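Peer 1: model this:
(one chain, ligands or ions: 1)
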Amino acid sequence: MIALVRPECPNPEALAAENYKDPINKAALQESTSGKCMYCESKFEGTSYPHVEHIKPKATFPELEFSWDNLGFCCQICNTNKNNKYDDSMPFINPYDENPKEHLVFLGHFLFPKHGSDRGEYTIDKLQLNRAGLVERRKEKLDSLNIMIKAAFRTANESLRNQAIEEVKKEAEKDKEYSAMAESALLAQRIL
Ligand SMILES: [Zn+2]
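Peer 2: Residues are numbered from 1 along each chain as shown. Next up, the predicted model:
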């Protein structure tokens, strides 16, 4: 999970007409996450169907069903895991309102609550952010990142080596899948 900037709502008329799935608004939400799930940072592929997410569930907070600030964009699995769970005394980490780095930290391809954050722990647990399929995909990315790092640092030519290191750094940019994990790995290796 990485910090996100909420854009202006491009089509408020749709929300006023009680349509939260309007394609223009949905596209703006998708762009704000760089086409990734707002919680697990998985990219959407042809096989997975992205959902307009109600950060506070519409079943419990019907007054927020058509509120722009309550909408996000997430994958089917995070959406299903979150379902109607929401505890006002223990809100899920909201990447639009706060920096997830305050609560979550990657060690390798596993996500942990930072400094024992209760909200971080609750978010990881309920959204299952260390679920098997996700951990496997993150491990694949970390493995390929490590191959890139090895190749870069074994390049004898300094200019080529620097170029290769710049390529490695790009893997932690916000449009990349699992960028928070990549950033942690590169910081640990003092590449960032
Ligand atoms: Zn997800």
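
Peer 1: Buried residues of the longest helix anywhere in the chain, list them for me.
Peer 2: What stands out as the longest helix in the chain, according to DSSP state H, is helix 132-153. Residues 134, 137-138, 141-142, 145, 148-149, 152 are the ones in helix 132-153 that count as buried (16 or more other C-beta atoms under 10 Å). No exception for glycine: its C-beta is placed from N, CA and C like everyone else's.

Peer 1: which residue ranges form the strands in this protein?
Peer 2: Ranges of strands in the chain, per DSSP state E, are 51-54, 71-74, 104-107, 110-113.

Peer 1: For the longest helix of the chain, which helices and strands make contact with it?
Peer 2: On a contact count with 3 or more C-beta pairs under 8 Å, 6 or more residues apart in numbering; DSSP states H and E, helix 132-153 meets helix 158-170, helix 179-188.

Peer 1: C-alpha coordinates for it, PDB please?
Peer 2: This file holds the C-alpha atoms of helix 132-153, laid out as PDB (Å, rounded to 0.1, in the frame of the first residue of the first chain):
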ATOM      1  CA  ALA A 132      -0.800 -17.100  -0.400                       C
ATOM      2  CA  GLY A 133      -1.300 -15.900  -4.000                       C
ATOM      3  CA  LEU A 134      -0.200 -12.400  -3.200                       C
ATOM      4  CA  VAL A 135       2.900 -13.500  -1.400                       C
ATOM      5  CA  GLU A 136       3.900 -15.700  -4.300                       C
ATOM      6  CA  ARG A 137       3.500 -12.800  -6.800                       C
ATOM      7  CA  ARG A 138       5.500 -10.500  -4.500                       C
ATOM      8  CA  LYS A 139       8.200 -13.100  -4.200                       C
ATOM      9  CA  GLU A 140       8.500 -13.300  -8.000                       C
ATOM     10  CA  LYS A 141       8.900  -9.600  -8.200                       C
ATOM     11  CA  LEU A 142      11.500  -9.600  -5.500                       C
ATOM     12  CA  ASP A 143      13.400 -12.400  -7.100                       C
ATOM     13  CA  SER A 144      13.500 -10.600 -10.400                       C
ATOM     14  CA  LEU A 145      14.500  -7.400  -8.600                       C
ATOM     15  CA  ASN A 146      17.400  -9.200  -7.000                       C
ATOM     16  CA  ILE A 147      18.500 -10.600 -10.400                       C
ATOM     17  CA  MET A 148      18.400  -7.000 -11.800                       C
ATOM     18  CA  ILE A 149      20.500  -5.700  -8.800                       C
ATOM     19  CA  LYS A 150      23.100  -8.500  -9.200                       C
ATOM     20  CA  ALA A 151      23.400  -7.800 -12.900                       C
ATOM     21  CA  ALA A 152      23.700  -4.100 -12.300                       C
ATOM     22  CA  PHE A 153      26.400  -4.300  -9.700                       C
END
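
Peer 1: interface residues of the protein facing the ion?
Peer 2: For the chain, the residues in contact with the ion (C-beta under 5 Å from the ion) are 37, 39-40, 75, 78.

Peer 1: ok so, going back, need the strands of the chain in a markdown table (columns: mean pLDDT and mean neighbour count).
Peer 2: Below are the strands of the chain laid out as a markdown table (pLDDT from 0 to 100; neighbours: other C-beta atoms under 10 Å):
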| stretch | mean pLDDT | mean neighbour count |
| --- | --- | --- |
| strand 51-54 | 93 | 20 |
| strand 71-74 | 96 | 24 |
| strand 104-107 | 98 | 18 |
| strand 110-113 | 98 | 18 |
